[in-house]
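build me a model from this:
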Amino acid sequence: MRVLWEHGPSTVSRIREVLLPETDLAYNSISTTIRILEDKGLVSHVKDGRAHVYEATMVQDEAKGQALEFVLDRFFEDSPLDLISRLVGKGSLSDDERREIKKLLNDDEDGGRDQ
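Alright, predicted model coming up:
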């Protein structure tokens, strides 16, 4: 999905080409994944000669929201606190990220108004 969001409509070959520096996934693995995403309605395709050109059908923010809802429901019993506690407790947040989270929480308490 990231490749389709960042690079626009792409063939499986193009997706593989973009992913090669970070992973050596086989063409068939990418093709299978794309078909699964298409079955789920996240991707669509048009034919261009013999090739299929795939395109994301969902914008990135919407997909992130749905993925987060899934993770919250399945792994954290719908508890944002449990999710955030896990992130904070794991030590995976930088000082800048911690400050940004505090700012977001303060803004939320103020009804989203700037201080």
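
quick one: residues contacting the residue positioned nearest the centre of the chain.
With distances taken as C-alpha atoms, centre = their mean, Lys64 lies nearest the centre of the chain, 4.9 Å away. By C-beta atoms under 8 Å, 6 or more residues apart in numbering, Lys64 lies in contact with nothing. The way it works is simple: take the backbone N, C-alpha and C, and place the C-beta from them, glycine included.

how about the nearest residue to Trp5, chain neighbours excluded?
Closest residue to Trp5 apart from its sequence neighbours, by C-beta to C-beta, 6 or more residues apart in numbering: Gln60 at 4.8 Å.

could you measure the one you found against Arg2, distance?
Separation of Gln60 from Arg2 (C-beta to C-beta, to the nearest Å): 8 Å.

one more: Val43?
Taken as C-beta to C-beta, the span from Val43 to Arg2 is 12 Å.

and what of Gly89?
On the measure of C-beta to C-beta, Gly89 and Arg2 end up 27 Å apart.

then Glu22?
If you go by C-beta to C-beta, the gap between Glu22 and Arg2 works out to 10 Å.

and those two? Which one has more around it.
Per other C-beta atoms under 10 Å, whichever of Glu22 and Arg2 has more neighbours is Arg2, with 12 against 7.

for Glu55, give me phi and psi.
phi -140, psi 140 (degrees, to the nearest 10).

err, Ala56, not the other one
With angles defined as degrees, to the nearest 10, Ala56 sits at phi -70, psi 140.
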